[in-house]
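Engineer: show me the folded form of this:
(one chain, ligands or ions: 2)
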Amino acid sequence: MRKAVRSGIRRIWPGVTDMEKLTLEEARRLNATMVQEEHLIIHALNVCYAMGAMARHFQEDEEHWMAVGMLHDYDYEKYPDEHLQHTKEPLLAKGVPEADVRAILSHGYGICTDVRPETLMEKSLFTVDEMTGIIQACARMRPNGISDLEVKSFMKKFKDKRFAAKCSRDTILQGCEMLGMEPGEVAAICIEGMRPHAKELGIAGTEN
Ligand SMILES: [Fe+2]
Ligand SMILES: [Fe+2]
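Structural biologist: Numbers count the residues shown, from 1 in each chain. Ligands and ions are numbered 1, 2, ... in the order given. Just a heads-up that it's a prediction; the model follows:
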C-alpha cells in the first residue's frame, strides 16, 4: 500500500512513508475511519464516480481521481464547522501524497480554504462537489431515477435556485468557468459516471 517513491523513501512525517499515489481502496479505507453517516457516504460516492467520469473525459487517471473524490470530505462529519481544518495534517501523517491533500483542500476554495484549484483534477472536484448534489436530487424525484435523466431536465432544475437550494449554483458556475466548460457539459459527464452505480447511490428510481 505504501511504496517507496523512486529510489529513495520520501518521508514527510517521521516514520511515515508517503504512498506513491492515493488508491481508491486506501481512500475508501481512510474515509470509513471518519465518515459513518449514510448520506455523507453517498455524497462521497457521488463525487467519486463523477470524478472518475471527469478523468475519463480528460484522459487522466480514472482510479486516482475517484480516490481523491472519495476522500474529499474526510473531516466534514466530525468537524462540520471547521471543514478542511482537520484534513491536511492527519492525511499527510497517513502518507497521502501532498498533491492529493492539496486537491482535497482546494474544493473549499473561497468557502473554507484559500487553496485555489489549479489542476484539471482540482477544478473538476470543485465543480462536481456541488453539481452531483443537484443531479442526485433530480434523480431521486424520477420514477426511473438517473437511468433516463437528461441534461435538459437537469438544466431546468439547475436554473431553479429553490430546487436543492443548498447546492451553490455560484460555486458550480465558478468551477465551470475554471474548466472552460458549460454546466450542461459537466452535468452530462457526471450523470454518465453516476448512472452505472444507481442502485448503490439510491437513485435507481422510485419504481426500481
Ligand atoms: Fe466539502
Ligand atoms: Fe463534498
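
Engineer: which residue packs closest to Leu40, ignoring adjacent ones?
Structural biologist: Among residues not flanking Leu40 along the chain, Glu77 sits closest, at 5.4 Å (Cβ to Cβ, 6 or more residues apart in numbering). Placement of C-beta: from N, CA and C, glycine included.

Engineer: please tell me I have it right and that neighbour contacts Gln36.
Structural biologist: Yes. Counting by Cβ atoms under 8 Å, Gln36 is a contact partner of Glu77 at 6.8 Å.

Engineer: neighbour count winner among the two?
Structural biologist: Glu77 (16 against 11; other Cβ atoms under 10 Å).

Engineer: distance of that one from Met178?
Structural biologist: Here the criterion is Cβ to Cβ, to the nearest Å. By it, Glu77 lies 27 Å from Met178.

Engineer: before we move on, what about Val115?
Structural biologist: Distance from Val115 to Met178, by Cβ to Cβ: 13 Å.

Engineer: same check, this time on Gly133
Structural biologist: Gly133 is 18 Å from Met178, by Cβ to Cβ.

Engineer: wait, Glu200 sits on Leu45?
Structural biologist: Yes. With contact defined as Cβ under 8 Å, Glu200 counts as touching Leu45 (6.5 Å).

Engineer: more crowded one of these two?
Structural biologist: Taking other Cβ under 10 Å, Glu200 and Leu45 do not tie; Leu45 has more neighbours (21 against 13).

Engineer: quick one: is the helix or strand the more buried one falls within near ligand 2?
Structural biologist: Using DSSP states H and E, Leu45 maps to helix 38-57. No. Shown here: helix 38-57 not in contact with ligand 2 (Cβ under 5 Å from the ion), separated by at least 5.6 Å.

Engineer: pull that helix out as PDB, backbone CA atoms only.
Structural biologist: Only the C-alpha atoms of helix 38-57 are listed here, as PDB (Å, rounded to 0.1, in the frame of the first residue of the first chain):
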ATOM      1  CA  GLU A  38     -25.300   7.200   5.200                       C
ATOM      2  CA  HIS A  39     -25.900  10.500   3.300                       C
ATOM      3  CA  LEU A  40     -22.300  11.500   3.600                       C
ATOM      4  CA  ILE A  41     -21.100   8.200   2.400                       C
ATOM      5  CA  ILE A  42     -23.400   8.500  -0.600                       C
ATOM      6  CA  HIS A  43     -22.200  12.000  -1.200                       C
ATOM      7  CA  ALA A  44     -18.600  10.800  -1.200                       C
ATOM      8  CA  LEU A  45     -19.500   8.000  -3.700                       C
ATOM      9  CA  ASN A  46     -21.400  10.500  -5.900                       C
ATOM     10  CA  VAL A  47     -18.300  12.700  -6.100                       C
ATOM     11  CA  CYS A  48     -16.100   9.600  -6.600                       C
ATOM     12  CA  TYR A  49     -18.000   8.300  -9.600                       C
ATOM     13  CA  ALA A  50     -18.400  11.800 -11.100                       C
ATOM     14  CA  MET A  51     -14.600  12.300 -10.700                       C
ATOM     15  CA  GLY A  52     -14.000   9.000 -12.500                       C
ATOM     16  CA  ALA A  53     -16.000  10.200 -15.400                       C
ATOM     17  CA  MET A  54     -14.200  13.600 -15.500                       C
ATOM     18  CA  ALA A  55     -10.900  11.800 -15.500                       C
ATOM     19  CA  ARG A  56     -12.100   9.700 -18.500                       C
ATOM     20  CA  HIS A  57     -13.200  12.800 -20.300                       C
END
